[in-house]
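Student: generate a structure from the sequence data that follows.
(chains A and B)
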Amino acid sequence: MGEMEQMKKEAETLKTQIEAARKAANDTDMASAASGVAPAPRVQLKTRKTLKGHLAKIYAMHWSTDNRLMVSASQDGKLLIWDSHSGNKVNAVPLKSSWVMTCAYAPSGNLVASGGLDNMCTVYNLKTPVIKTVKELDAHTGYLSCTRFLSDTEILTASGDTTCALWDLETGKQKTVFLNHVGDCMCLSLSPDMNSFVSGACDSLAKLWDIRDGQCKQTFQGHTSDINAISFFPSGNAIITGSDDCACKMYDLRADQEVICYQDAALNSGVTSLALSLSGRLIFAGYDDFNCNIWDSLKGEKVGVLSGHDNRVSCTGVPPDGMCVCTGSWDSFLKIWN
Amino acid sequence: MDVYCSNNVLQARRAVEQLRLETELQRIKISAAAEQLVQYCQEHRRADPLLTGINASSNPFKDKKTCVLL
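Tutor: Okay, the predicted model is just below:
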């Protein structure tokens, strides 16, 4: 038997073992376990601010840890820093490449990052008298789909080259490359304790990675198309994913499997983005059909909708204090709701 | 589409190594995991502004009505 044949055989055996172990743990689902919980109230949020300023599709947004400033990225070739309380623009960062797909705010508030079809992650210092590019992280061989700062000295990236990477911002080099996906990586989410992160990819899998040893620890299957959005549940024990298959799913890390699926027969648009409320009870999921649907994470029911955009909702974000939800759209506007 | 299969030997080897690792995982029952997730939501629900609602005076995003002195 050739090596490929042997490996295929072993892979099948191992997969069967894993499925059997998951089945043994599958004694209920989330909705049944939450049957005694009072339903979430019908959620009716109002648009409190519409942020106008971008001249083209908005692809990404990210809140600062101060709960007030946020950064947005548009294919008009700019990053805009907004004061969400006043609705004013605080800063504009012109991008070398307008094909931006992601942006991030450092926890310190000192730095922002962006990246996209240029295959690079560019880091800017907001605190110098004139905003300066501090690093261009250049090693990915595919587009940059997502980036998140761990601190002012470390940043994570997810790329269309199927890898994720941890970079040292002082040297500008990759410290660790996370290699296991077989499709473009589309999104990532850092665990609350910052020791691990999860990634979603076009291979329809979500993977949990140990940041320090670079290992893929767990793989979550179930989606039937690209996973565009991913987020840790605030306790750190579960993750939520959103996919082009029009569904969101919650996977529990310790049960190592899907525990609930958020979908509706009437919904046939892909999920582009998602964010959770502070307690994790509400999931705000942005869709290609211009809406953001609100799901009760425990019961799997739709409890509200944010309608108001005139094009695809491409990004959503809830600030750390949970006081609102921001949606960004291809219609070039950002809206703040609560 | 079987996402673990590939003609590429290196990729296949990597896939098998990953599967060996994942087979070792200790899993807990969904009932136990779900109970903890429910507990977390319940414990934090009062502190979740989007769940409880925010009153107008403490909403930093709500436009304050301007006062006019006559």
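Student: mind listing what's buried along the helix or strand bottoming out on mean pLDDT in chain B?
Tutor: The helix or strand of chain B with the poorest confidence is helix B:9-23; it has a mean of 92 (mean pLDDT, DSSP states H and E). Neighbour-count burial for helix B:9-23 flags B:12, B:14, B:15, B:16, B:18, B:19, B:22 (criterion: 16 or more other Cβ atoms under 10 Å in any protein chain shown). (C-beta placed from N, C-alpha, C; glycine too.)
Student: point out where chain B drops to low pLDDT.
Tutor: Residues of chain B that meet the criterion pLDDT under 70 lie in B:1-7, B:65-70.
Student: strands of that one, start to end?
Tutor: Here chain B has no strands by DSSP state E.
Student: residue A:154 touches residue A:167, doesn't it?
Tutor: Yes: counting by Cβ atoms under 8 Å, residue A:167 is a contact partner of residue A:154 at 6.8 Å.
Student: could you tell me which residues touch both of those two?
Tutor: residue A:175 (Cβ atoms under 8 Å, 6 or more residues apart in numbering or on different chains).
Student: who has more neighbours out of the two?
Tutor: The residue with more neighbours, out of residue A:154 and residue A:167, is residue A:167; 24 against 18, by other Cβ atoms under 10 Å in any protein chain shown.
Student: quick check: beta-bridge partners of that one?
Tutor: Beta-bridge partners for residue A:167, by DSSP bridges, are residue A:155, residue A:174.
Student: gap between it and residue B:12?
Tutor: Distance, residue A:167 to residue B:12, using Cβ to Cβ, to the nearest Å: 29 Å.
Student: enumerate every residue touching the nearest residue to residue A:206 once chain neighbours are set aside.
Tutor: What sits nearest to residue A:206 in space, not counting adjacent residues and going by Cβ to Cβ, 6 or more residues apart in numbering or on different chains, is residue A:220, at 4.2 Å. Counting by Cβ under 8 Å, 6+ apart, residue A:220 makes contact with A:205, A:206, A:207, A:208, A:239, A:241, A:251, A:256, A:257, A:258.
Student: and which of those residues is nearest to residue A:173?
Tutor: residue A:207 (23.1 Å; Cβ to Cβ).
Student: helix, strand, or coil at that closest one?
Tutor: For residue A:207, the assignment made with DSSP: H, G, I helix; E, B strand; the rest coil gives strand.
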